[in-house]
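Participant: sharing a model that was predicted from the sequence below.
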Amino acid sequence: MSTDALMIIVIAGLLSTACAVLGSFLVLRRQALLPDAVSHAVLPGIVLIFVLTGQRGSMLTVLGATAFGLICVAGFEWLRRTGLVAPDAALALVFPALFSLGVLGIGTYASGAHIDVDSAIYGDLTFAPLRTVELAGQAVPRSLLITGGATVAVAILVVVLWRPLKASTFDPGFAQSAGLRGRVVSTVLLLAVTVVAVVAFDSVGAILVITFFVVPAAAAHQVATRLSSMLLTAVGIGWASSLLGYRLAEQLDSSIPGSIGLASVMLFALAWLAGRGRGRLGRFLHRGSSRDTTTRTTIPVQQARPSESHATAAPSRDR
Amino acid sequence: MTMAHPQQHEDAVALSLRDLRAGYNGRTVLRGVDLDVPHGTFGAVVGPNGSGKSTLVKAALGLLAATRGSARFFGSPLARVRSRVAYVPQQDAVAEDFPITAVQVVEMGRYPHRGWFRRLTAGDDVAVAEAMEATGVQGLANTPLDELSGGQRQRVFLARALAQRADLLILDEPFTAVDARTEADLLSLLERLCATGVTVLAVHHDLRTVRDRFVYAVLLAGTVVAEGPVGDALSADNLERAYGIAPLAQPATTVEA
């Protein structure tokens, strides 16, 4: 395997790590389409920066894209909280408007420019190893730095916010009443999704962003019984998809991000078949799970404060 | 009527609401709610459909922004006494396909004590184990939540509240999607809990159960129609004012909420 090939696989793997971790929370929160919305909504930001500065693919572009991603998420949140429309409809109202604005922008101001549709849709992962920056005298692919940074940032975020993220995703009312700042954490999650979606858009294009966020997470959801194992499994599936997808693209001489997307869907199908107890083959494989093992409530409450004696317990074990 | 919160006897009143107003999307559901839930009582919040029972609980806990008024727990704002107040939401407010085991749910009951970062201690483990034993789910500790029946799930969520070792338990419709045996078990468990000095306040729609088992009741119909000992609060007159009919006069009827 060539260095370039290895580099592409590592970049794709890092990207899917960040995406799969955040995507797991989105899948569980019924917000799986959010990255798709963001990856479309960034287009006017990219066009605007091009019109203003003539640059595309610079750090300024990333900033412009992020700004419009944030506008999309903020608009979605605002519409959702007004309660005027359902959450999914709120999302469907916001991002097509922004995407259309971007399309009009290209047509009006940038038609002669090289903002080509192919790269917006499929991304530039194939050429990622060629676009390098100097770092300590070494030529390092820019995408490696960006995706690596995003992955580290997401890992830190999830470790720091573990309890509030877990509790507010599982049971928002409890999380809020327990002082775990569910709303703040939800906002932070949306911001992180926006930034990572912009990073992903740069590498794999608008269509495949959603694949990186959702498919490994949905696959892991089929087999995991704990949140931590779901996240780790999703990351593993992301890396496996990157490797398999690259191989597939070589064989078919086709798009790398597209092949990675296809590989992850195949892995999802496997996870679905092997999944535990939610129907499918999993029901056959995981029979005999624990039903009807509730033991009768026989112990009078020992909930009482630790100082109180447990002598009040008078078990009457009637089975 | 708007009074100050009763500061002087903060341990006598578990929950105190003053002129509380709340609703959804600009529509006011509850208004002018003044309420003092005595500490140590076994209380129910009852009322017809849309009378604001869940809204009352959510606004008191800050899950829904009150548009007016205030709530105090043991004389303090909730933020200062969170670990003393445990909340069991309605079953459908929980992500039912979340990958989590029963014991992990119960462990969340210790989060109000440990915050975002501090590790759970051996003492926390004891609280978790005792709570699961009390509700009869100790044998299900490592079972994924989505493999449990409705009754088993509710036992797990009650165990989470017990593990918190709070002084006030607030439950929103704890007995929906629960079989009769589980309801009977959980009711007597809550009664025994009260006997140890804990206040219980449950939103409940079954007037019969409330009249037969609870001690204190709040009767709602957009505002507080009556509150006090169950016999007084749920008098025929009060019920007629709240429901427009006399629900308990009809034999074997459950008034849905």
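Facilitator: That came through, no problem. Numbering: from 1, shown residues only, chains lettered A, B, ... in the order given.
Participant: CA atoms for contacts and neighbours, from now on please.
Facilitator: Fine.
Participant: pLDDT weak spots in the chain?
Facilitator: Let's take chain A. A:1, A:56-57, A:110-123, A:277-319 (pLDDT under 70).
Participant: the intended chain is chain B.
Facilitator: In the predicted model, chain B carries pLDDT under 70 at residues B:1-10, B:245-257.
Participant: can you give me the helices in the stretch 1-150 of chain B?
Facilitator: B:53-61, B:102-107, B:111-114, B:122-134, B:150-163 (DSSP state H, counting those that start in this stretch).
Participant: contacts for the first one?
Facilitator: Right, helix B:53-61. Defining contact as Cα atoms under 8 Å, 6 or more residues apart in numbering or on different chains, one finds that helix B:53-61 is touched by A:177, B:17, B:22-23, B:29-30, B:45-47, B:64-66, B:70-72, B:78, B:170, B:172, B:203, B:220.
Participant: separation between residue B:115 and chain A?
Facilitator: 7 Å (Cα to the nearest Cα, to the nearest Å).
Participant: test my guess that that residue contacts residue A:180.
Facilitator: Yes: using Cα atoms under 8 Å, residue B:115 is in contact with residue A:180, at 7.4 Å.
Participant: and the two? Which one has more around it.
Facilitator: residue A:180 (23 against 16; other Cα atoms under 10 Å in any protein chain shown).
Participant: and that one, its phi and psi?
Facilitator: Dihedral pair for residue A:180: phi -90, psi 10, per degrees, to the nearest 10.
Participant: ok, it - contacts?
Facilitator: Contacts of residue A:180 by Cα under 8 Å, 6+ apart are A:163, A:164, A:167, A:168, B:112, B:115, B:116.
Participant: tell me how many other residues crowd residue 18.
Facilitator: Defaulting to chain A. So residue A:18, with other Cα under 10 Å, has 29 neighbours.
Participant: chain B is the one I meant
Facilitator: Neighbourhood size, residue B:18 [other Cα under 10 Å]: 20.
Participant: distance check, the residue nearest to it when sequence neighbours are not counted against chain A.
Facilitator: In space, and not counting its chain neighbours, residue B:18 is closest to residue B:34: 4.6 Å by Cα to Cα, 6 or more residues apart in numbering or on different chains. The gap separating residue B:34 from chain A is 21 Å, by Cα to the nearest Cα.
Participant: isn't residue B:34 up against residue B:15?
Facilitator: No: using Cα under 8 Å, residue B:34 is not in contact with residue B:15; the gap is 10.5 Å.
Participant: comparing these two, which residue is more hemmed in?
Facilitator: residue B:15 (25 against 21).
Participant: count of residues packed around the closest residue to that one other than its chain neighbours?
Facilitator: Using Cα to Cα, 6+ apart and skipping the chain neighbours, the partner closest in space to residue B:15 is residue B:73 (4.6 Å). Close neighbours of residue B:73, defined as other Cα under 10 Å, add up to 27.
Participant: which parts of the stretch 101-250 of chain A sit against chain B?
Facilitator: Residues of the stretch 101-250 of chain A lying close to chain B (Cα under 8 Å from any Cα of the partner chain) are A:160-164, A:167, A:169-174, A:176-180, A:221, A:224-227, A:230.
Participant: repeat that for 10 Å
Facilitator: With Cα under 10 Å from any Cα of the partner chain as the criterion, the stretch 101-250 of chain A comes near chain B at residues A:159-183, A:220-230.
Participant: from those residues, which land in helices?
Facilitator: Members of these lying in helices (criterion: DSSP state H): A:159-160, A:162-170, A:172-177, A:182-183, A:220-223, A:227-230.
Participant: and the residues you listed, which are buried?
Facilitator: Neighbour counting by 16 or more other Cα atoms under 10 Å in any protein chain shown classes A:163-170, A:172-177, A:182-183, A:220-223, A:227, A:229-230 among those as buried.
Participant: if we can go back for a sec, tell me which of the helices of the stretch 1-150 of chain B sits most buried.
Facilitator: Burial of these is given as mean neighbour count (mean count of other Cα atoms under 10 Å in any protein chain shown); helix B:150-163 ranks first at a mean of 26.
Participant: which residues of chain B fall in strands?
Facilitator: Ranges of strands within chain B are B:13-24, B:27-38, B:42-46, B:68-73, B:85-88, B:168-172, B:199-203, B:216-220, B:224-229, based on DSSP state E.
Participant: tabulate the contacts of residue A:180 (TSV), appending distance to residue B:142.
Facilitator: TSV is the format used below for those (distance: Cα to Cα, whole Å):
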residue	distance to residue B:142
A:163	19
A:164	22
A:167	18
A:168	21
B:112	22
B:115	24
B:116	23
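Participant: and residue 50, backbone torsions?
Facilitator: With no chain named, the answer covers chain A. According to degrees, to the nearest 10, residue A:50 has phi -60, psi -40.
Participant: other chain: chain B
Facilitator: phi 70, psi 10.
Participant: check contacts around it.
Facilitator: B:29, B:30, B:220, B:221, B:222, B:257 (Cα atoms under 10 Å, 6 or more residues apart in numbering or on different chains).
Participant: how near is it to chain A?
Facilitator: Distance from residue B:50 to chain A, by Cα to the nearest Cα: 18 Å.
Participant: still on that earlier bit, same list, the strands of chain B, but as CSV with distance to residue A:3 please.
Facilitator: As requested, the strands of chain B are exported to CSV (distance: least, Cα to Cα, whole Å):
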stretch, distance to residue A:3
strand B:13-24, 58
strand B:27-38, 62
strand B:42-46, 68
strand B:68-73, 63
strand B:85-88, 55
strand B:168-172, 59
strand B:199-203, 64
strand B:216-220, 71
strand B:224-229, 73
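Participant: return the most buried member of the ones you listed.
Facilitator: strand B:42-46 comes out most buried of the strands of chain B by mean count of other Cα under 10 Å, with a mean of 28.
Participant: can you tell me if that one touches chain A.
Facilitator: No: interface with chain A: strand B:42-46 contributes nothing (Cα under 10 Å from any Cα), its closest point being 14.9 Å away.
Participant: parallel or antiparallel, which strands does that strand pair with?
Facilitator: Here strand B:42-46 is paired, per DSSP bridges, with strand B:199-203 (parallel), strand B:216-220 (parallel).
Participant: how far does it sit from the chain's center?
Facilitator: 8 Å (Cα atoms, centre = their mean, to the nearest Å).
Participant: now that strand against strand B:27-38, angle please.
Facilitator: For strand B:42-46 against strand B:27-38, the angle by axes from the mean of the first three to the mean of the last three Cα atoms, to 10 degrees is 160 degrees.
Participant: just the angle between strand B:42-46 and strand B:224-229, please?
Facilitator: 160 degrees.
Participant: what angle sits between strand B:42-46 and helix B:53-61?
Facilitator: Using the same axes, to 10 degrees, strand B:42-46 lies at 120 degrees relative to helix B:53-61.
Participant: strand B:42-46 to strand B:168-172, inter-axis angle?
Facilitator: 30 degrees.
Participant: which stretches of chain A form strands?
Facilitator: A:132-135, A:138-141.
Participant: count the residues that sit near residue A:253.
Facilitator: Neighbour tally, residue A:253, other Cα under 10 Å: 11.
Participant: spit out the contact partners of it.
Facilitator: Counted by Cα under 10 Å, 6+ apart, residue A:253 has contacts A:246, A:247, A:259.
Participant: re earlier: can you redo the strands of chain A as TSV with mean neighbour count?
Facilitator: Formatted as TSV, the strands of chain A follow (neighbours: other Cα atoms under 10 Å in any protein chain shown):
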stretch	mean neighbour count
strand A:132-135	12
strand A:138-141	15
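Participant: wait, which of those strands is closest to residue A:20?
Facilitator: Distance to residue A:20, taken as Cα to Cα, is lowest for strand A:138-141 among the strands of chain A, at 22.2 Å.
Participant: residue B:33 versus residue B:74, what's the distance?
Facilitator: Separation of residue B:74 from residue B:33 (Cα to Cα, to the nearest Å) stands at 18 Å.
Participant: quick check, residue A:222 in contact with residue A:272.
Facilitator: Yes: using Cα atoms under 10 Å, residue A:222 is in contact with residue A:272, at 5.8 Å.
Participant: and the gap between residue B:137 and residue B:160?
Facilitator: When residue B:137 is compared with residue B:160 (using Cα to Cα), they lie 11 Å apart.
Participant: all set now, cheers.
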